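In: Need coordinates for the below:
(2 chains)
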Amino acid sequence: SQTIHQWPATLVQPVGSPLSLECTVEGTSNPNLYWYRQAAGRGLQLLFYSVGIGQISSEVPQNLSASRPQDRQFILSSKKLLLSDSGFYLCAWKGLAGRYNEQFFGPGTRLTVL
Amino acid sequence: GDSVTQMEGPVTLSEEAFLTINCTYTATGYPSLFWYVQYPGEGLQLLLKATKADDKGSNKGFEATYRKETTSFHLEKGSVQVSDSAVYFCALSEGGNDMRFGAGTRLTVKP
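Out: Take a look at the predicted model:
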């Protein structure tokens, strides 16, 4: 069966510090991968998605970036965090079999920027 | 573009009450529709889905029917429990690379 992992689970970082969040998927090959952010009390904002190794599409301009160095690994990064980067970051995957497959979400990372 | 609109919360109900969370959508084609649930501090879990008109998705006592004529996918449960307290998201996908989510509806069930 497929599983998706995110780490760390929680993170407290000072403004201006770098960020690296990692997401890995097991039990599937060549998935679409997604990064979402959920601000407190808000809905989901799609940040990045990837359809393959090295292929990243950005949905919103910001100081975050994403990379996909391996088929089942998706990394969210920043060189300098802003206060507004605080939120709950969710990684998700979607299989290619079937046209309307749902997305499956990881447990999330709670980021607090102070 | 595609979009999803769901009723604003928060919704507060007593245990065993009937639940309805409204969801309507706009889409250019024939999307699949989903309901996700998010318990406190966790990621989203798929609750149910429907892939074509008149399909009914159901899971854990929750139901939603894909109504093409009203472009709706309302979530219902006949008798809610305290453990149903969570945030519920309606979503659609037309098979592209993304999925459109509603803003989420927070449900609190009191004993």
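In: Okay, and the beta partners of residue B:23?
Out: residue B:6 (DSSP bridges).
In: gap between it and residue A:109?
Out: 28 Å (Cβ to Cβ, to the nearest Å). Every C-beta, even on glycine, is put in place using the N, C-alpha and C of the backbone.
In: Could you check how many residues crowd around residue B:77?
Out: 20 (other Cβ atoms under 10 Å in any protein chain shown).
In: How about it: what's its closest non-neighbour residue?
Out: residue B:19 (4.4 Å; Cβ to Cβ, 6 or more residues apart in numbering or on different chains).
In: tell me the contacts of the one you found?
Out: Residues near residue B:19 by Cβ atoms under 8 Å, 6 or more residues apart in numbering or on different chains: B:11, B:13, B:75-77, B:80, B:84, B:107.
In: Next: residue B:3.
Out: By Cβ under 8 Å, 6+ apart, the residues touching residue B:3 are B:25-26, B:100.
In: Among these, the buried ones, what's the ChimeraX command?
Out: Command for ChimeraX that selects the buried part of these, burial taken from 16 or more other Cβ atoms under 10 Å in any protein chain shown:
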select /B:25,100
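In: Chain A next: which of the contacts of residue B:3 are close?
Out: The subset of the contacts of residue B:3 within reach of chain A, counting by Cβ under 8 Å from any Cβ of the partner chain, is empty.
In: Out of the contacts of residue B:3, which is nearest to chain A?
Out: residue B:100 (9.1 Å; Cβ to the nearest Cβ).
In: What's the separation between the closest one and residue A:90?
Out: Taking Cβ to Cβ, one finds residue B:100 at 15 Å from residue A:90.
In: now residue A:30
Out: Computed with Cβ to Cβ, the distance linking residue A:30 and residue A:90 is 21 Å.
In: Tell me which of those two has more neighbours.
Out: Using other Cβ under 10 Å, the more surrounded residue of residue A:30 and residue A:90 is residue A:90, with 27 against 12.
In: For the residue lying closest to the more buried one once chain neighbours are set aside, list each beta-bridge partner.
Out: Distances taken as Cβ to Cβ, 6+ apart place residue A:36 nearest to residue A:90, at 4.4 Å, with adjacent residues excluded. Residues in a beta bridge with residue A:36, per DSSP bridges, are residue A:46, residue A:90.
In: quick one: contacts for residue A:36?
Out: A:44-47, A:89-92.
In: Then residue B:17?
Out: So residue B:17 contacts B:79-80, B:109 (Cβ under 8 Å, 6+ apart).
In: Now restrict these to buried residues only.
Out: Buried residues within the contacts of residue B:17, counting neighbours by 16+ other Cβ under 10 Å: B:80, B:109.
In: Nearest to chain A among the contacts of residue B:17?
Out: Nearest to chain A among these, counting by Cβ to the nearest Cβ, is residue B:109 at 18.8 Å.
In: any idea which element that closest one lies in?
Out: Here residue B:109 sits within strand B:105-110, counting by DSSP states H and E.
In: buried sites along that strand?
Out: Going by neighbour count (16+ other Cβ under 10 Å), the buried part of strand B:105-110 is B:105, B:107, B:109.
In: Around the nearest residue to residue A:58 once chain neighbours are set aside, how many other residues sit close by?
Out: Spatial nearest neighbour of residue A:58, chain neighbours left out: residue A:48 (5.6 Å); criterion: Cβ to Cβ, 6+ apart. Here the number of neighbours of residue A:48 (other Cβ under 10 Å) works out to 23.
In: and residue A:48, helix, strand or coil?
Out: Following DSSP: H, G, I helix; E, B strand; the rest coil, we place residue A:48 in the strand state.
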